[in-house]
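Asks: I'll drop the sequence and a predicted model, then ask my questions.
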Amino acid sequence: MKILLISSSPRKKESYTFSLAKEVLGGCACEGAESETLHLCDLKIDFCHSCEACHKKIMSCPLDDDVGMILEKMLKADGIILASPNYINLVTASMKAIFERASHFIHCQRLLGKYVAGVVTSGSGRDEQVLDYIKLCANACAAQYVGGLASLGQEICGKKEDAFELGKKIVLDIKERKLFPEQVRVIERFKEHFKNLITMRKLDWPDEYKYWQDKCWL
């Protein structure tokens, strides 16, 4: 089993965010999972130009950066941990840019069957909105959200046990193929919406339309 940690703090390994997320990885390892970490500040991430290339030809993008590699790793992972400091009640710009560049993932529900966890740190402690956003992005791509952990930066030592348990939980939920009924209903609503959209724009987005056909979703 493979867990991918995507950490978006510009302070990388020196950050509160990564320190807490590392404890989550410890829980994953305890349950036998392998992991890989990407620090977004080490990578080149451009902003979406809304050219629709990735809808016309799946995973195609004219931007020459590292986002394609990140998305490929997300597709190969069983579980994804999204870790970000709270910047004005949202994830950092680098993580937000990944979500925006993953619109094909939303159109075609590419993370179906995968599980996501969130880790957020801040100086304010008002982090629920950020975790809710991570959950929304996960569900929009058809992944289920196993839970999240938030902490004031200076209090992360007191959250290490909770972080370790979150890591164990994501692995156990993956092994059990756990279903979260409320989220399943949200995912189905997203799917119905994009079924209609893909059908309406099948001539504009031929690759995505074929993907839906191949999945027998149409």
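Replies: Alright, I've got the coordinates. Residues are numbered from 1 along each chain as shown.
Asks: could you pull out the strands for the chain?
Replies: 2-7, 34-39, 79-85, 115-122, 144-152 (DSSP state E).
Asks: Report all helices and strands that the third one contacts.
Replies: Taking 3 or more C-beta pairs under 8 Å, 6 or more residues apart in numbering; DSSP states H and E as contact, the helices and strands that strand 79-85 lies on are strand 2-7, helix 16-30, strand 115-122, helix 128-140, helix 160-176. C-beta here means a position set from N, CA and C on the backbone, and glycine is covered the same way.
Asks: Among these, which comes closest to S94?
Replies: strand 2-7 (9.4 Å; C-beta to C-beta).
Asks: Partner strands of that closest one and their direction?
Replies: strand 34-39 (parallel), strand 79-85 (parallel) (DSSP bridges).
Asks: Those: which one's closest to S122?
Replies: strand 79-85 (6.4 Å).
Asks: measure C30 to A117 for me?
Replies: 15 Å (C-beta to C-beta, to the nearest Å).
Asks: now do T37
Replies: For T37, the distance to A117 - C-beta to C-beta - is 14 Å.
Asks: higher neighbour count, those two?
Replies: Shown here are T37 and A117; by other C-beta atoms under 10 Å, A117 has more neighbours (30 against 17).
Asks: Bridge partners for the more buried one, pull those for me.
Replies: Counting by DSSP bridges, the residues bridging with A117 are I81, G147.
Asks: That one touches A143, doesn't it?
Replies: No: A117 lies out of contact with A143 (C-beta atoms under 8 Å); the separation is 10.2 Å.
Asks: what sits in contact with each of the two?
Replies: When contacts are counted by C-beta atoms under 8 Å, 6 or more residues apart in numbering, A117 and A143 have I80 as shared neighbours.
Asks: Please identify the most buried of the strands paired with strand 2-7.
Replies: Across these, the average number of neighbours (mean count of other C-beta atoms under 10 Å) peaks for strand 79-85, which reaches a mean of 27.
Asks: ok, back up a step: would you mind giving the strands of the chain as TSV with mean pLDDT and distance to V186 added?
Replies: Converted to TSV, those look like this (pLDDT from 0 to 100; distance: least, C-beta to C-beta, whole Å):
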stretch	mean pLDDT	distance to V186
strand 2-7	98	22
strand 34-39	98	27
strand 79-85	98	17
strand 115-122	97	13
strand 144-152	96	10
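Asks: would you turn the ones you listed into TSV with distance to Q129?
Replies: Formatted as TSV, those follow (distance: least, C-beta to C-beta, whole Å):
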stretch	distance to Q129
strand 2-7	19
strand 34-39	24
strand 79-85	12
strand 115-122	9
strand 144-152	10
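Asks: Quick one: closest of those to T199.
Replies: strand 144-152 (25.4 Å).
Asks: So what's the gap between the closest one and the chain middle?
Replies: 12 Å (C-alpha atoms, centre = their mean, to the nearest Å).
Asks: List the contacts of that strand.
Replies: Under C-beta under 8 Å, 6+ apart, the answer for strand 144-152 is 16, 20, 24, 79, 86, 114-125, 127-128, 130-131, 134-135, 138-139, 158-159, 162-163, 166, 169-170, 173, 178-180, 183-184, 187.
Asks: ok, A29 - how many residues close by?
Replies: A29: 16 neighbours (other C-beta under 10 Å).
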